[in-house]
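Peer 1: next one to model:
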Amino acid sequence: MSDPVLSQILNQLQQMDKRFDNIDGRLEKIEDRLDTMDGRLNVIEEQTKNIPLLQQAVLETLEITKRLEASQITFERKVTAELNTHQHSIDILNRRQLRMEADIETLKHR
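Peer 2: Residues are numbered from 1 along each chain as shown. Below you'll find the model as predicted:
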């Protein structure tokens, strides 16, 4: 073979070598990205393992909150009833006191 033909073949081989190097570099970048994505997926999988437990905890908390709310309503009714009873008693005592004061004033002026 002649030198120009060999030179041309060598030139094409060098160009192909550069292309392969370029492809290798791109593949390495893709592999790095895949490794990063794999790591992120592992983190997501680890975090999502706890979702059922979190859901259960939320439901239990909701149930407890409902019971507490029902207890609070019952307690408020009892307290309101007692306050009304005490208020009624105070009103009766106030009337008696006013009557006594009026009777005392009447007795003083006799």
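Peer 1: now do residue 58 against residue 46, distance only.
Peer 2: Counting by Cβ to Cβ, to the nearest Å, the gap between residue 58 and residue 46 amounts to 20 Å. The C-beta positions use only the backbone N, C-alpha and C, and glycine is treated the same way.
Peer 1: and residue 15, by the same measure?
Peer 2: In this view, residue 15 and residue 46 are 47 Å apart by Cβ to Cβ.
Peer 1: and residue 4, what are its phi and psi?
Peer 2: Main-chain dihedrals, residue 4, degrees, to the nearest 10: phi -60, psi -40.
Peer 1: could you count how many residues lie near it?
Peer 2: 8 (other Cβ atoms under 10 Å).
Peer 1: repeat for residue 36
Peer 2: If we define neighbours as other Cβ under 10 Å, then residue 36 has 10 of them.
Peer 1: and the strand or helix carrying it, how far out from the chain middle?
Peer 2: For residue 36, the enclosing helix or strand under DSSP states H and E is helix 3-48. The chain centroid and the centroid of helix 3-48 are separated by 43 Å under Cα atoms, centre = their mean, to the nearest Å.
Peer 1: any idea of the mean pLDDT in that helix?
Peer 2: Helix 3-48 carries an average pLDDT of 94.
Peer 1: beyond it, next helix or strand please.
Peer 2: Sequence order places helix 51-108 as the next helix or strand after helix 3-48, per DSSP H and E.
Peer 1: how far does that following helix sit from the chain's center?
Peer 2: Remark: helix 51-108 is offset 34 Å from the chain centroid, using Cα atoms, centre = their mean.
Peer 1: separation between residue 55 and residue 61?
Peer 2: Using Cβ to Cβ, residue 55 is found at 11 Å from residue 61.
Peer 1: now residue 109
Peer 2: Taken as Cβ to Cβ, the span from residue 109 to residue 61 is 70 Å.
Peer 1: repeat for residue 30
Peer 2: Taken as Cβ to Cβ, the span from residue 30 to residue 61 is 45 Å.
Peer 1: and residue 3, by the same measure?
Peer 2: According to Cβ to Cβ, residue 3 and residue 61 sit 85 Å apart.
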